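Colleague: Kindly generate the corresponding structure for this input.
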Amino acid sequence: MVENEKAPFVSVIIPAYNEERYIRKCLTEWVNQDYPKERYEILVYDGMSTDRTPEIVKEFEMKYPGLVSYRKNPKKNQVYAFNMGIKDSRGEFFIIFGAHAYPERDFLRKSVETFLEIKEKEPKLAGVGGKIIKLFENRLAKFVALVYSSPLSGASTFWYEERPHFARTVAFALYDKAITQEIGGFDEDMLTGNDFEFNLRINKNGYRLFFNPEIKSYYYARSSWRGFLKQTFNYGAVKGVAIRKGYFSPLWLFPLGFLGFEVLLPVIPQFLWLFALYWLALFGEGLRLAYKTKNSDGVFLPPVMFLFHNLISLGFIAGLLFHKRAFR
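Modeller: Presented below is the predicted three-dimensional model:
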């Protein structure tokens, strides 16, 4: 347990845009953390909302002076809010959090305790993240979560792992501010995938990230087919942009291999057997997830995962060839 007088000061940075349905719950849980009130601050950066988001945040600012602070983000995109928050923050640590989510009331304490504990064993630790529990607003959102909970999606391990481990990427993480300043903050060229690139840069500079499933938060997963398709395309495009920026992972070559495989199918009949095995793997994964999650929609996973893989591949090519303009 972190003692009050020894508790590190933490700055919580929350970008928000038109979040009147969710921001009250988010801030309610943040102001009620079981962490010394004098040892953290909550900075909300409003991307020029047109709903009641500013009004609600200002209510909290008046009720909790010195704890909650309303700020404007005239550039609107959240990556600018991230860097403004780091610059304005008073903490030696900071957390990037979503207005469309809310933390467990021990989130901050467990984040700090985990960081201090792991730091003793790993001096190159830069940040710790936890488990995000999705709350589904519709049936499609619940199905999309199935897609990302599968290792076949290529998603980060924090979406499906249940054990503490060092990870390449983490979400809603507590970061060491000094290390962040050393590596240059968030890349404002990455209007999409900025947190992904930031975590990659942490690893590239020799630092490490840790995942602890006991650090829990909740995220309202909203989804439409249009949103899902755009998100999937962006998911691939970000990988392409990352390669342009000097990052590389052999797994990122999957989109090129997948598209090449599909192009060669009519030319090389032997590939049909591999294609059949691919679909067999998708059907097996769909049944596994349907059984594991008690969600019978898992049986529809194969065609959607096939679409997912194709969109990621096309997005990857677009990101690689055209940089950010391909997916904005």
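
Colleague: quick one: contacts for the closest residue to residue 223 other than its chain neighbours?
Modeller: Nearest in space to residue 223, with sequence neighbours left out and distances taken as Cβ to Cβ, 6 or more residues apart in numbering, is residue 141 at 3.9 Å. (Each C-beta comes from the backbone N, C-alpha and C, glycine too.) Contact analysis of residue 141 by Cβ atoms under 8 Å, 6 or more residues apart in numbering lists 134, 221, 222, 223.

Colleague: Tell me the helix or strand right after the helix or strand hosting residue 273.
Modeller: Element membership for residue 273 (DSSP states H and E) is helix 271-293. Later in the chain than helix 271-293, the nearest helix or strand by DSSP H and E is helix 301-322.

Colleague: and the angle for that following helix with helix 271-293?
Modeller: 110 degrees (axes from the mean of the first three to the mean of the last three Cα atoms, to 10 degrees).

Colleague: mind listing what's buried in helix 301-322?
Modeller: Within helix 301-322, the residues that count as buried by 16 or more other Cβ atoms under 10 Å are 301-302, 304-305, 308-320.

Colleague: can you pull the contacts of residue 106?
Modeller: Listed by Cβ under 8 Å, 6+ apart, the contact set of residue 106 reads 33, 34.

Colleague: Kindly report the same for residue 17.
Modeller: With Cβ under 8 Å, 6+ apart, residue 17 has these contacts: 46, 47, 48, 49, 53, 76, 78, 99.

Colleague: do residue 83 as well
Modeller: 185, 186, 188.

Colleague: residue ranges with poor pLDDT in this structure?
Modeller: 1-5, 155-161, 324-328 (pLDDT under 70).

Colleague: Contacts for the helix or strand where residue 56 lies next, please.
Modeller: Per DSSP H and E, residue 56 falls inside helix 53-63. Under the contact criterion Cβ under 8 Å, 6+ apart, helix 53-63 has outside partners 16-20, 23-24, 27, 31, 42, 44, 46, 68-70, 99.

Colleague: And these, which is closest to residue 265?
Modeller: residue 17 (43.3 Å; Cβ to Cβ).

Colleague: Distance of the closest one relative to residue 99?
Modeller: From residue 17 across to residue 99, the span is 8 Å (Cβ to Cβ, to the nearest Å).

Colleague: now residue 189
Modeller: Between residue 189 and residue 99 the computed distance is 23 Å (Cβ to Cβ).

Colleague: Mind listing what's buried along stretch 246-259?
Modeller: Of the residues in stretch 246-259, 247, 252, 254, 255, 258, 259 count as buried by neighbour count, 16+ other Cβ under 10 Å.

Colleague: Same question for stretch 181-196.
Modeller: So, applying 16+ other Cβ under 10 Å, buried residues of stretch 181-196: 185, 186, 187, 190, 191, 192, 193, 194, 195, 196.

Colleague: what do you get for stretch 225-235?
Modeller: 228, 232, 233, 234, 235.

Colleague: now swap in stretch 10-25 and tell me
Modeller: For stretch 10-25, burial by neighbour count (16+ other Cβ under 10 Å) applies to 10-25.

Colleague: can you check stretch 95-113 too?
Modeller: Across stretch 95-113, burial judged by 16+ other Cβ under 10 Å covers 95-104, 107-113.

Colleague: With stretch 207-220 instead?
Modeller: Quick answer for stretch 207-220 (16+ other Cβ under 10 Å): 207, 208, 209, 210, 211, 212, 215, 216, 217, 218, 219, 220.

Colleague: In strands, which of the residues you listed appear?
Modeller: Members of the buried residues of stretch 207-220 lying in strands (criterion: DSSP state E): 208, 209, 210, 211, 212, 215, 216, 217, 218, 219, 220.

Colleague: Alpha carbons of the helix holding residue 56, as CSV, please.
Modeller: Taking Å, rounded to 0.1, in the frame of the first residue of the first chain, the C-alpha atoms of helix 53-63 are listed here in CSV:
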residue,chain,number,x,y,z
THR,A,53,-19.4,18.1,-22.0
PRO,A,54,-17.8,21.4,-20.9
GLU,A,55,-20.6,22.2,-18.6
ILE,A,56,-20.4,18.8,-16.8
VAL,A,57,-16.6,19.0,-16.5
LYS,A,58,-16.8,22.6,-15.1
GLU,A,59,-19.3,21.3,-12.4
PHE,A,60,-16.7,18.9,-11.2
GLU,A,61,-14.0,21.6,-11.4
MET,A,62,-16.1,23.8,-9.1
LYS,A,63,-16.9,20.9,-6.7
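
Colleague: What residues of it count as buried?
Modeller: Neighbour-count burial for helix 53-63 flags 53, 54, 56, 57, 60, 61 (criterion: 16+ other Cβ under 10 Å).

Colleague: State the distance from the first one to residue 75.
Modeller: Residue 53 sits 16 Å away from residue 75, going by Cβ to Cβ.

Colleague: got it, and the second one?
Modeller: With distances defined as Cβ to Cβ, the gap from residue 54 to residue 75 amounts to 16 Å.
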